[in-house]
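Q: just to be clear, the model below is a prediction. Sequence and coordinates:
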Amino acid sequence: MQQIIDSLRQFWEFTGFYNCSWQNLVMIAIGITFITIAILKEWEPLLLVPIGFGMIIGNIPMFPGLNIGIYEDGSVLNTLYQGVKQGWYPPLIFLGIGAMTDFSALISQPRLILIGAAAQTGIFGAYLLSLALGFAPNEAGAIGIIGGADGPTAIFLSSKLAPDLMGAIAVSAYSYMALVPVIQRPIMLALTTNKERLIRMPQPRQVSQKEKIIFPIAGFLITAFIVPSGLPLLGMLFFGNLLKESGVTKRLANTASNALIDIVTTMIGLTVGCSTQADKFLTGNSLKIFLLGLLSFVIATTCGVLFVKLFNLFLKEGRKINPLIGNAGVSAVPDSARVSENVGREFDPGNHLLMHAMGPNVAGVIGSAVAAGILLGFLG
């Protein structure tokens, strides 16, 4: 009888109920909230559903030593997590992004790349704020990249500069990417006048297939020579785009832009979510990171819009840029460009800004990768 009681006690001590803490319940509730928002609001469901469910998986209380946790060497979850920890997943996502991205809007209006560059101010603004809050330079650099609104870049850089903060940085980056319409719209309205919102931009010129093929090769050579440390991200981004535009590698481009990126996005979301174990995630630093992430998005959006307003002072009538596309300088493709389109049509239903906003939007993707390379080169 005593043996049965001892066995039942041992079984009880192995259950999640016995090992549960209030912190685990808080993180599980956050994971359920992510899933709920993704389903009901349809905000970045491809990211928030895997991250949310990953949070639930990672916070199931367990008896130590079972070798199943994400931080236990040799476990299945730990093996999958190596793609995040070692930085394998982000370049593969950039390959898919390149294979599905049309750079025509940027090629036809090269001046729009300046908007994408201006929006990267959010990265360096958050870096300085992080230093002011007491983070080490390498940690501040990893936190700052949240301002680029690029989850894979945030994961890649934090895996190199601040692995211990990677979970909080990744969740912060993806959370604010999902909230782009909520964050950016009030800033855009506050910084623009009704007259500016009604500006109609000239139709972009038609881009030839030859230009589309030359762009990824020339773009890679220029950016990689300037920032060699950004090679893994920039190389895969432009390579994916060459697969798309060459016209002779359609099967490879289709695989990269569909099956491959879907698989990697699922794995990166799930394992990042699993890494947010309560004892590692619910800290004062995590709260600071979420605050800095929000501020970095605000700074990036503000700088993008204000730069367009400043740029317009030097442009003739008929050549002016609608400041509502300034928000698209962050690299949340294509969500921030859609925000430009939607806000613009609120004031002029016939004014379609999407094709123009995609220019700074894709420039922001390049800009965030370049910024990551700069930070990695100086702080790595």
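A: All right, it came through fine.

Q: so where's the stretch 51-200 of the chain shaky on pLDDT?
A: By pLDDT under 70, the stretch 51-200 of the chain contains no weakly predicted segment.

Q: no, scratch that, I was asking about the stretch 251-380 of the chain
A: In the stretch 251-380 of the chain (pLDDT under 70), the answer is 380.

Q: how about a cut-off of 90?
A: For the stretch 251-380 of the chain, the stretches with pLDDT under 90 are 275-287, 293, 297, 316-318, 330-335, 378-380.

Q: buried residues, stretch 271-281. List them.
A: Using 16 or more other Cβ atoms under 10 Å as the test for burial, stretch 271-281 gives 271-278, 280-281. Every C-beta, even on glycine, is put in place using the N, C-alpha and C of the backbone.

Q: residues in contact with F311?
A: By Cβ atoms under 8 Å, 6 or more residues apart in numbering, F311 lies in contact with 111, 114-115, 321.

Q: same deal with I213?
A: Counted by Cβ under 8 Å, 6+ apart, I213 has contacts 242, 245-246.

Q: by neighbour count, sort out the buried ones in those.
A: Using 16+ other Cβ under 10 Å as the burial test, those include 242, 245 as buried.

Q: and the contacts of I213, which is closest to T79?
A: Set against T79, the nearest of the contacts of I213 by Cβ to Cβ is L242 (31.6 Å).

Q: A218 is in contact with the closest one, correct?
A: No. Between L242 and A218 there is no contact under Cβ atoms under 8 Å: 10.9 Å.

Q: could you list every residue that touches M355?
A: For M355, the contact set (Cβ under 8 Å, 6+ apart) comprises 105, 204.

Q: Three-state assignment for it, please.
A: At M355, secondary structure determined by DSSP: H, G, I helix; E, B strand; the rest coil is helix.

Q: next one: it from R200, what distance?
A: 12 Å (Cβ to Cβ, to the nearest Å).

Q: can you check G147 too?
A: Relative to R200, G147 is positioned 30 Å away (Cβ to Cβ).

Q: for E139, same thing?
A: E139 is 45 Å from R200, by Cβ to Cβ.

Q: what about those two, which has more around it?
A: Just comparing E139 and R200: by other Cβ atoms under 10 Å the higher neighbour count belongs to E139, 23 against 15.

Q: now the more buried one: which helix or strand?
A: helix 137-144 (DSSP states H and E).

Q: same for that helix, what does it pack against?
A: When contacts are defined as 3 or more Cβ pairs under 8 Å, 6 or more residues apart in numbering; DSSP states H and E, helix 137-144 packs onto helix 121-132, helix 151-161, helix 166-178, helix 284-312, helix 354-379.

Q: pick the most deeply packed of those helices.
A: Compared across these, helix 151-161 shows the largest average neighbour count, a mean of 28 (mean count of other Cβ atoms under 10 Å).

Q: other residues contacting that helix?
A: 47, 84-87, 89-91, 93-94, 97, 138-139, 141-142, 145-146, 148, 165-166, 169-170, 172-174, 177, 232-233, 268, 272, 331, 368-369, 372, 375-376, 379-380.

Q: change it to 7 Å
A: 47, 84-87, 90, 93-94, 138, 141-142, 145-146, 165-166, 169-170, 173-174, 177, 233, 268, 272, 368-369, 372, 375-376, 379-380 (Cβ atoms under 7 Å, 6 or more residues apart in numbering).

Q: next: stretch 137-144.
A: 123-124, 126-127, 130-131, 135, 157-158, 161-162, 165, 169, 289, 292, 296, 375, 379.

Q: could I get the CA-only coordinates of it as PDB?
A: Provided in PDB are the C-alpha atoms of stretch 137-144 (Å, rounded to 0.1, in the frame of the first residue of the first chain):
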ATOM      1  CA  PRO A 137      26.200  48.500 -25.800                       C
ATOM      2  CA  ASN A 138      25.700  45.000 -27.400                       C
ATOM      3  CA  GLU A 139      22.300  44.700 -25.700                       C
ATOM      4  CA  ALA A 140      21.300  48.200 -26.700                       C
ATOM      5  CA  GLY A 141      22.200  47.400 -30.300                       C
ATOM      6  CA  ALA A 142      20.000  44.200 -30.300                       C
ATOM      7  CA  ILE A 143      17.100  46.100 -28.700                       C
ATOM      8  CA  GLY A 144      17.400  49.000 -31.200                       C
END
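
Q: what comes up buried for it?
A: 138-144.

Q: would you mind giving the residues you listed as CSV with distance to G58 added?
A: Shown next, in CSV, are the buried residues of stretch 137-144 (distance: Cβ to Cβ, whole Å):
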residue, distance to G58
N138, 25
E139, 22
A140, 26
G141, 26
A142, 20
I143, 21
G144, 25
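
Q: check which helix or strand covers R338.
A: With DSSP H and E as criterion, R338 is part of helix 335-347.

Q: for that helix, packing partners?
A: helix 180-191, helix 194-197, helix 354-379 (3 or more Cβ pairs under 7 Å, 6 or more residues apart in numbering; DSSP states H and E).

Q: quick one on the thing from earlier: what's the closest of the contacts of I213 to D348?
A: Nearest to D348 among these, with distances taken as Cβ to Cβ, is E245, at 32.8 Å.
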